[in-house]
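In: 3D, please:
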Amino acid sequence: MSPSPGSRALDAVAARWTADEALEQLYAAHWRRLVRLSVLLVHDLPTAEEVVQDAFVAVHGHWSRLRDPDRALAYLRQAVVNGSRSALRHRVVVAKHAVRRTAPATVPGADEAAVAGTRRAAVLEALRDLPQRQREVVTLRYYLDLSEAEISTALGISRGAVKSHASRGLASLRAVLHDHWEERP
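Out: Reported below is the predicted structural model:
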């Protein structure tokens, strides 16, 4: 005996409320961290916020198809990483077709805040220069403090690949930042 159209509609409403409530809790608990993750990947707050918003919309739309709703956060992380990749690809396409104008660089003062800002900029530049997968793994591991298993799930790669990308990424960062700090007193 198949369920009546009315009971299917009630089931859909019940599932929708469950999705709404669950996503409200996920949003309240994890939105900032997911935005920070995306900012580290796309280097732009408005784009990062849009990527995270799109990830929440996608999870909401697919809530009934999630095999394990307890894994929604992992799905959100993966959606944010994938959305960030898409945003970067889109940015490259736009940059190829747009005339880029750059403002003249400002010279920071010699106080501690300027030195800290310069070092922070060097770290971010070195992170940007890493290959995409290494940048993603390093960001997830050392910024979000995710385990190898969580990173493996978020990126859809093996734990061994996570270890390899993390090791190579850190080695590259050490080399670049060591040279950077050696050049400056």
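
In: My read is that residue 177 contacts residue 125, right?
Out: No. Between residue 177 and residue 125 there is no contact under C-beta atoms under 8 Å: 9.7 Å. C-beta: built from backbone N, CA, C; applies to glycine.

In: now the strands for this protein?
Out: Along the chain, no stretch is classed among the strands by DSSP state E.

In: which stretches of it aren't confidently modelled?
Out: 1-17, 97-111, 115, 179-185 (pLDDT under 70).

In: domain assignment for the chain?
Out: Structural domains annotated on the chain: 1-101, 106-185, as defined by automatic domain parsing.

In: Could you dump those into TSV and include mean neighbour count?
Out: As requested, the domains of the chain are exported to TSV (neighbours: other C-beta atoms under 10 Å):
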stretch	mean neighbour count
domain 1-101	15
domain 106-185	15
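
In: My read is that residue 152 contacts residue 165, right?
Out: No. With contact defined as C-beta under 8 Å, residue 152 does not count as touching residue 165 (10.5 Å).

In: Where do the helices of the protein begin and end?
Out: 5-42, 45-61, 72-97, 112-129, 132-138, 148-155, 159-183 (DSSP state H).

In: helices or strands next to the shortest one in the packing?
Out: Contact here means 3 or more C-beta pairs under 8 Å, 6 or more residues apart in numbering; DSSP states H and E; on that basis helix 132-138 packs against helix 72-97, helix 112-129, helix 148-155, helix 159-183.

In: Quick one: residues in contact with it.
Out: For helix 132-138, contacts defined as C-beta atoms under 8 Å, 6 or more residues apart in numbering pick out 41, 81, 85, 88, 127-128, 130, 151, 155, 157, 162, 165-166, 168-170, 172-173.
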